[in-house]
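1. Fold the following and give me the result.
(2 chains)
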Amino acid sequence: MSHGHEIHIHQENYLFKGKAKTLSLALLAIGILFTVIGIFTLPHTEAHHAAPAVAESVAEHGAEHATEHAATAHEYPGQNINGVDVGHSDEQVYPVVSEHAKPAATRIYMNLLLNGYFVLLISVCGLFFFALQYIANAGWATVLLRVPQAMSTFLPVGAIVLLLVFFIDGENIYHWLAYEKLHLTKGQPGFDKILDNKSWFLNSKMVVGFLVAIPLTWILFGMKLRSLSYKEDAEGGLTFFNKSIRFGAAFVLVFGFTLSILSWVVNMSVDAHWYSTIFSLYNFATGWVSTIAIIILFVLYLKRNGYLNLVTDEHIHDLGKFMFAFSVFWTYLWFAQFILIWYANIPEETVYYYKRWESPFKLHFFLNLIMNFLIPFLVLMTRNNKRNPKILTVVAIIILIGHWNDLYLMLMPGAIDKQAGVGFLEVGMTLAFAGLFIYWVLTALSKKGLVPMNHPYLEESVHHDVGV
Amino acid sequence: MIDSKLFLDKNKTVMFGIFENPEQFLDTVSKVHHKGAQIIDCYTPFPMHGIEKAMGLKRSLLPVGAFICGCIGFLTAATLQSYTMHFDWPMIIGNKPTVGVSYVPVLFEMTVLFTAFGIAILFFTRSKMLHGKMPSERIDFRQTDDRMVIAIATDNNAVDKNELSNMLFSGGAVLVKERTNNGYEDFTEVEIKSAN
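-> Prediction:
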């Protein structure tokens, strides 16, 4: 802190042009190119649509049950959970019996789902960051508040992508949806007790309702909070600040429930038989730490280009601390979910990790821990590294890739299992989303001033100091 | 950690400036530091932002101590668990390996425990505030209420005493004292100049 001499506070207007514009558009173009290459080089699978496939298998099983050929070499009686037969059988739980192959195009929709969900998480956590500063009465982040504020404008994109994916290829991605179409009742061959019990919640009407209503609620809250902030810029006074606190508190309350529900219906229901009670919090941790990483990247970019002059090392240091702390928080939740399942060793639960421990995902499983825990934990431990823009940039990018990988590991095994992989398609789609996100957020930033001039905590934020 | 020059030893000649306004206090501390005088310590009734920088304090080594304590905790937990569960009397629970993932909760808890207790003990030891230690000085009756005190070593003649006291008064000090004799009981307070 530079005590004793005045810091001149003046408005900054970001101009989105030149290199940044070219680069973000180039990223988008390269991403789309890679995606197209990826789509045309997809490994060809024996494509049959999911619903007939399930019907076939049901017919098959039904026939076998009818003729009492229960104990053949490839078929185990009992419940089928995510392709693993469990229950009713004392000795045989494994091996994994793979589900019927999905059409090759499902991989494209899975990528859309992954990236759509990721950007939705990031933008809603940006809004959460924004609201949190109000309800916590926190002053330190005021000088950089416009960055998460701009990130929250990206909400509609993720929401639309998720809805499109659900309507176009939902039946191949969510096996509960394909099951629902069969309208099976108790006693019929192929009847699934677990899915039937969950069907009051996990049915297409409810899920479409959630997919529409939840992002819409967030978008409305985002619009309201942003407009309050811009009005405060124009008119000043404490009215808008007090209103922001109230709306922020309401949003955070709603956010806690709605994010949980969204994480269940979008992400956890890919493995519809399996459930974990910590899953929604774990998803929040993934989104939150990625949001912090992105805020850091944007703030450092703007600072390097001569904007956000009020942001000092102290603010960067605090963001670094946030990134460090929430990487550990993520690990805590990841491990809390893992060790209970590992220790209890209940087949219904272990299938989740059994699949992720298998060949195409084993590397991702360990990369997950290395990129999201070990690297941030060891690198960001010292104070100097948290204040070093270069190191922060590198770690933030590693964390973003790591959490993409985390979502990959959550979504892919349940939906397309062995057909998943990382190739042109995955890289391209992610780059395209990244390019679009950067373009969108920087455009949003350029529309309004970068400094919330009439924010009551601006002065406090300018003099923010974390000590020696 | 805390520099030993910060201890208010009984054999030091010390000038105390007593303030009532925190902002004036902070400014004056900064000025005194930049003048080259050796500030022993500042005593404030509440934590003050930016005072470490104004005093020119170096960064504490406490985090390094915390890291070492954490490592000791981690190693202790690893040794304890692997000795008891794997070498001394191997116990297989739930068909799980005797060395492995099940160690993690205890590793985590003991790392945290050792770090927390370790830095608390290190901090209190180094700043001579361990339990049972009597408070060394009370320079002003109101220093724990609403007054701020700066203690400056004057035995090294870095800055002229009169200049220093003028600086303190012009910075807003309500009282300036000097302690000259050795020993706690019999030190004399000499008022160099009274305010106004």
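2. for residue 158, what are its contacts?
-> As the question left the chain open, I've gone with chain A. Contacts here follow CB atoms under 8 Å, 6 or more residues apart in numbering or on different chains; on that basis A:Gly158 touches A:116-121, A:123, A:215. For the C-beta atoms, the positions are set from N, CA and C on the backbone; glycine is no exception.
3. let's do chain B instead
-> The contact partners of B:Ala158, taken as CB under 8 Å, 6+ apart, are B:36-38.
4. Now intersect those residues with the strands, please.
-> Assignment to strands by DSSP state E places the following of those there: B:Gln38.
5. pull the longest helix from chain B.
-> Residue-count comparison of every helix in chain B, with assignments taken from DSSP state H, identifies helix B:104-126 as the longest.
6. Paired strands for the following helix or strand past it, with orientation please.
-> Beyond helix B:104-126 in the direction of the C-terminus, DSSP states H and E gives the next helix or strand as strand B:148-153. For strand B:148-153, the paired strands and their directions (DSSP bridges) read strand B:14-19 (antiparallel), strand B:38-43 (antiparallel).
7. how about strand B:148-153 as CSV, C-alpha atoms only?
-> Provided in CSV are the C-alpha atoms of strand B:148-153 (Å, rounded to 0.1, in the frame of the first residue of the first chain):
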residue,chain,number,x,y,z
MET,B,148,-0.7,4.0,19.8
VAL,B,149,2.9,3.8,20.9
ILE,B,150,6.1,3.8,18.8
ALA,B,151,9.3,2.7,20.4
ILE,B,152,12.5,3.9,18.9
ALA,B,153,16.0,2.8,19.9
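8. hmm, who's touching it?
-> Residues outside strand B:148-153 that contact it (CB under 8 Å, 6+ apart): B:5, B:8, B:12-20, B:22, B:25, B:28-29, B:32, B:37-45, B:48, B:139-140, B:143, B:164, B:168.
9. Does anything pack onto whichever strand or helix holds A:Gly402? Which helices or strands?
-> Taking DSSP H and E as the criterion, A:Gly402 maps to helix A:389-415. Applying 3 or more CB pairs under 8 Å, 6 or more residues apart in numbering or on different chains; DSSP states H and E, we find helix A:389-415 packed against helix A:105-135, helix A:279-304, helix A:313-344, helix A:347-356, helix A:359-369, helix A:375-379, helix A:383-386.
10. What are the buried residues along whichever strand or helix holds A:Lys205?
-> The secondary structure element spanning A:Lys205 is helix A:204-235 (assigned by DSSP H and E). Buried residues in helix A:204-235, counting neighbours by 16 or more other CB atoms under 10 Å in any protein chain shown, are found at A:204, A:207, A:210-211, A:214-215, A:218-219, A:221-222, A:224-226, A:228-233.
11. What separation is there between the residue nearest to A:Val427 when sequence neighbours are not counted and A:Leu431?
-> Nearest residue to A:Val427, sequence neighbours excluded (CB to CB, 6 or more residues apart in numbering or on different chains): A:Phe34, at 5.7 Å. Here the distance between A:Phe34 and A:Leu431 works out to 6 Å (CB to CB, to the nearest Å).
12. Please apply the same query to A:Leu112.
-> A:Leu112 is 14 Å from A:Leu431, where distance means CB to CB.
13. mind checking the SS state of A:Asn454?
-> Under DSSP: H, G, I helix; E, B strand; the rest coil, A:Asn454 falls in the coil class.
14. For it, give me phi and psi.
-> A:Asn454 adopts backbone torsions of phi -100, psi 10, taken as degrees, to the nearest 10.
15. Could you count how many residues lie near it?
-> By the criterion of other CB atoms under 10 Å in any protein chain shown, A:Asn454 has 17 neighbours.
16. List the contacts of it.
-> Listed by CB under 8 Å, 6+ apart, the contact set of A:Asn454 reads A:232-233, A:235-237.
17. at 10 Å instead, please
-> With contacts defined as CB atoms under 10 Å, 6 or more residues apart in numbering or on different chains, the neighbours of A:Asn454 are A:229, A:231-238, A:240-241.
18. circling back to that earlier point, and of the contacts of A:Gly158, the nearest to chain B?
-> When these are compared for distance to chain B (CB to the nearest CB), A:Leu121 comes out closest, at 26.5 Å.
19. follow-up on the earlier one: which pair of the contacts of A:Gly158 spans the longest distance?
-> Greatest spatial distance in the contacts of A:Gly158: A:Phe118 and A:Pro215, 14.0 Å, computed using CB to CB.
20. Run a quick neighbour tally on the residue in the stretch 351-468 of chain A positioned nearest to chain B.
-> Going by CB to the nearest CB, chain B is nearest to A:Val468 of the stretch 351-468 of chain A, at 4.1 Å. Burial of A:Val468 is recorded as 14 neighbouring residues (other CB under 10 Å).
21. Model confidence at the residue minimising distance to the centre of chain A, what's the number?
-> Residue closest to the average C-alpha location in chain A (CA atoms, centre = their mean): A:Phe118, at 3.2 Å. Looking at A:Phe118, its pLDDT reads 96.
22. Flag every residue of chain B that's near chain A.
-> Taking CB under 10 Å from any CB of the partner chain, the part of chain B that reaches chain A is made up of B:23, B:26-27, B:29-31, B:47, B:49-60, B:63-64, B:67, B:70, B:93-96, B:100-102, B:104-105, B:108.
23. which residues sit in contact with A:Tyr174?
-> The contact partners of A:Tyr174, taken as CB under 10 Å, 6+ apart, are A:50, A:113, A:166, A:180, A:202, A:204, A:207, A:265-266, A:269-272, A:414-415.
24. switch to 7 Å and redo it
-> A:269-270, A:272 (CB atoms under 7 Å, 6 or more residues apart in numbering or on different chains).
25. likewise B:Met167?
-> If you count contacts by CB under 7 Å, 6+ apart, then B:Met167 has B:31-32, B:35 around it.
26. what's the answer for A:Leu445, then?
-> Applying CB under 7 Å, 6+ apart, the residues contacting A:Leu445 are A:14, A:146, A:150.
27. try it again with 10 Å
-> Per CB under 10 Å, 6+ apart, neighbours of A:Leu445: A:13-16, A:146-147, A:149-151, A:153, A:298, A:302, A:307.
28. what do you get for A:Val379?
-> Contacts here follow CB under 10 Å, 6+ apart; on that basis A:Val379 touches A:324, A:327, A:385-386, A:388, A:391-392, A:394-395, A:398.
29. Among those residues, the buried ones, what's the ChimeraX command?
-> Command for ChimeraX that selects the buried part of the contacts of A:Val379, burial taken from 16+ other CB under 10 Å:
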select /A:324,327,385,386,388,391,392,395,398
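30. of all the contacts of A:Val379, which two lie farthest apart?
-> Of all pairs drawn from these, the greatest distance, 16.7 Å, lies between A:Ser327 and A:Asn388 (CB to CB).
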